[in-house]
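# got a predicted model here, sequence first, then my questions.
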Amino acid sequence: MKKVYVETYGCQMNEHDSERMLAILSGRGYLRTDRPEDAGVVIVNTCSVRGKAEQKAYSSIGRYVELKKRRPGMRIVFSGCVAQQEGEAILSRFEGIDVVLGPSRVHMIDELLDTAGLAGSSVAVEPYGGQDRFRSPVKNFGGVKAYVTIMEGCDHFCTYCTVPYLRGREVSRRAREIIDEVEALVGSGVREVTLLGQNVTSYRDASEGRDMTLYYLLSLLNDIRGLERIRFITSHPKDLDERLIAAFADFGKVCRHMHLPVQSGSDRVLRLMARGYTTQAYMNSLGKLRKAVPDIAVTSDFIVGFPSETEDDHRDTVLFVKNAGYDNIFSFKYSDRPLARASKLEDKVQPDVIARRLRDLQSVQLGLTRYIYASLVGTTQRVLVEGNSKRQGRMQGRTSQGRIVNFEGVADKGAVADIVIGDYSDNALYGRCMNREGRDVH
Ligand code: SAH
Ligand code: SF4
Ligand code: F3S
């Protein structure tokens, strides 16, 4: 039996790339395994967004190169953003890698494995612009949710970020192909899709004319029968205009959640980051969004300790978080990325100061998350049931807002259930399932 082991780091784009590689290889008769020591092919799908993620890529590839010495038939694929960054150079650092695969060439994994067998290592990191880079065999391994790529790359060049250098310029996928893929997924049992891209709000299918924007794409997907929910990630605050806001009101399947990374609450830092908006402009757009969609949940990303960040800048960020009313935030310590311009800036913030500011920010947000969750106790939430929760006897699903709900009671996977919320923790709600008539199923 041919087996494949995949290890994934980084964002949802990377998770989806791993799924795509698994689907392609399963078409070649490979079965997934959790044990690298049993695998014929080991894939390390790497991320380079922060220094720590890059280091993880090297330490795991080091482990598999050692493992290969004891298992000579095994083949190693080094993919993702560190593969893109290092290219051929990685081969001289680690002996035994068979394929070096850039993110735009994921769809070629099977061919590359074939040629690697014949001619030593294959290196495929030349950016590939064709539409088939998005191709993904529809292979539902039993889930009710699926990712669908709608665009790739980034034209923004925020000064701290390495992503544009590794994923290249923005390329949108044709709407027709997206719709075909979503229809096929729905046919295989999927109820919820998450549209993926580094900047989904810049989506534009040029072959269909200038107006084929994310709004129009959502309108087409909203009409697909059997599809229950549509999410999209990640949005850029600069693109949050009235048209996009209208999508939440106009299309019932678009979930009440927006991930809208702000990165800092200080205008001085935002300028240095070259984010292209002020805190005031962000707050104005957020205000319009909340007015049009009162039940929306908004989440965000923050970078703490950008070069030259002062205590005043940090206080501005904390104040910003207190005002924004986020459901949750992801906050990261600033990490120097050699390709990104900010790495040349002087006045780096000391690691202990960054650690303290991060704790500070996270504890402020935790209080706000608890406040929002507490306000939901006693309400009934519509939950798409995803399956059993980790704790026995409970099931798990999500609300339209993306909040995790663990509940007691019986419900079918893939069904939409009404859950009365009785309690909450720092990252989930807890409740009991009622049937449609409101009767307790127990
Ligand atoms: N395209 C998305 C996601 C980019 S990467 C966006 O524009 O928001 C995901 C997150 O990683 C970013 O939002 C940012 O908060 C964080 N990040 C990116 N570069 C970083 C760096 N050099 N150090 C620390 N965090 C970083
Ligand atoms: Fe990176 Fe900025 Fe592009 Fe996001 S928008 S991927 S943070 S450069
Ligand atoms: Fe990481 Fe590349 Fe995603 S750097 S965050 S895997 S785009």
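Structure received. Ligands and ions are numbered 1, 2, ... in the order given.

# which residues of the stretch 51-200 of the chain lie near ligand 2?
154, 156-158, 161, 163-164, 198-199 (C-beta under 6 Å from any ligand atom). (Each C-beta comes from the backbone N, C-alpha and C, glycine too.)

# try it again at 5 Å.
Residues of the stretch 51-200 of the chain lying close to ligand 2 (C-beta under 5 Å from any ligand atom) are 154, 156, 158, 161, 163, 198.

# of the residues you listed, which pair is most distant in space?
Cys158 and Gln198 (10.9 Å; C-beta to C-beta).

# thinking again about what came up before, looking at the residues of the stretch 51-200 of the chain next to ligand 2, which are in helices?
Counting by DSSP state H, the part of these found in helices is Val163.

# which one (most neighbours) among the residues of the stretch 51-200 of the chain next to ligand 2?
Val163 (24 neighbours; other C-beta atoms under 10 Å).

# got the contact list for it?
Contacts here follow C-beta atoms under 8 Å, 6 or more residues apart in numbering; on that basis Val163 touches 49, 81, 154, 198.

# mind doing that once more with 7 Å?
Val163 sits next to 49, 154, 198 when contact means C-beta atoms under 7 Å, 6 or more residues apart in numbering.

# relative to Glu152, how far out is it?
The gap separating Val163 from Glu152 is 10 Å, by C-beta to C-beta, to the nearest Å.

# can you check Leu376 too?
Leu376 is 36 Å from Glu152, by C-beta to C-beta.

# neighbour-wise, which of those two wins?
The neighbour count for Leu376 versus Glu152, taken as other C-beta under 10 Å, is higher for Glu152 (24 against 17).

# the more buried one pairs with what?
Judged by DSSP bridges, the bridge partners of Glu152 are Val171.

# OK, contacts around it?
Neighbour list for Glu152: 167, 171, 197-198 [criterion: C-beta under 7 Å, 6+ apart].

# using a markdown table, lay out the residues you listed together with pLDDT and distance to Gly397.
As requested, the contacts of Glu152 are arranged in a markdown table below (pLDDT from 0 to 100; distance: C-beta to C-beta, whole Å):
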| residue | pLDDT | distance to Gly397 |
| --- | --- | --- |
| Arg167 | 95 | 32 |
| Val171 | 94 | 34 |
| Gly197 | 97 | 25 |
| Gln198 | 96 | 28 |
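
# identify the farthest-apart pair in the residues you listed.
Val171 and Gln198 (10.5 Å).

# overlap in contacts of the two?
Contacts common to Val171 and Gln198, judged by C-beta under 7 Å, 6+ apart, are 152-153.

# please name the nearest non-neighbouring residue to Tyr128.
The shortest distance from Tyr128 to any residue other than its chain neighbours is 4.2 Å, reached at Ser104 (C-beta to C-beta, 6 or more residues apart in numbering).

# no, scratch that, I was asking about Arg105
Spatial nearest neighbour of Arg105, excluding adjacent residues (C-beta to C-beta, 6+ apart): Ala124 at 4.5 Å.

# right, and the one you found touches Leu113 too?
No - between Ala124 and Leu113 there is no contact under C-beta atoms under 7 Å: 11.0 Å.

# neighbour-wise, which of those two wins?
Set Ala124 next to Leu113 and count neighbours by other C-beta under 10 Å: Leu113 wins out with 24 against 21.

# is that one in a helix, a strand, or coil?
Here Leu113 is recorded as helix under DSSP: H, G, I helix; E, B strand; the rest coil.

# show me what contacts it?
Neighbour list for Leu113: 41, 75, 99 [criterion: C-beta under 7 Å, 6+ apart].

# most neighbours among these, which one?
Val99 (25 neighbours).

# show the end-to-end separation of stretch 188-196, please.
Separation of the first and last residues of stretch 188-196 by C-alpha to C-alpha, to the nearest Å is 20 Å.

# about what we covered before: state the distance from the residue nearest to Arg105 to ligand 1.
Using C-beta to the nearest ligand atom, to the nearest Å, we find Ala124 at a distance of 23 Å from ligand 1.

# now Arg75: phi and psi?
With angles defined as degrees, to the nearest 10, Arg75 sits at phi -120, psi 150.

# how far away is it from Ile90?
15 Å.

# again, but for Tyr64
For Tyr64, the distance to Ile90 equals 13 Å [C-beta to C-beta].

# state the number of residues packed around Cys278.
Check again: residue 278 is Thr, not Cys. By other C-beta under 10 Å, neighbour count at Thr278 equals 12.

# once you drop chain neighbours, what's closest to it?
Asp267 (5.2 Å).

# where does the residue in the stretch 1-150 of the chain that ligand 2 sits nearest to sit: helix, strand or coil?
The nearest approach of the stretch 1-150 of the chain to ligand 2 comes at Val49, 8.1 Å away (C-beta to the nearest ligand atom). Three-state call for Val49 (three-state DSSP): coil.

# contacting residues for it?
Residues in contact with Val49 (C-beta under 7 Å, 6+ apart) are 10, 162-163.

# report the separation between it and ligand 3.
Separation of Val49 from ligand 3 (C-beta to the nearest ligand atom): 4 Å.

# just Ser389 next, same as before
28 Å.

# what do you get for Val377?
Distance, Val377 to ligand 3, by C-beta to the nearest ligand atom: 35 Å.

# that residue in helix, strand or coil?
Under three-state DSSP, Val377 falls in the coil class.

# check what pLDDT it gets.
Looking at Val377, its pLDDT is 98.

# skipping its backbone neighbours, what lies nearest it in space?
Ile421 (5.4 Å).
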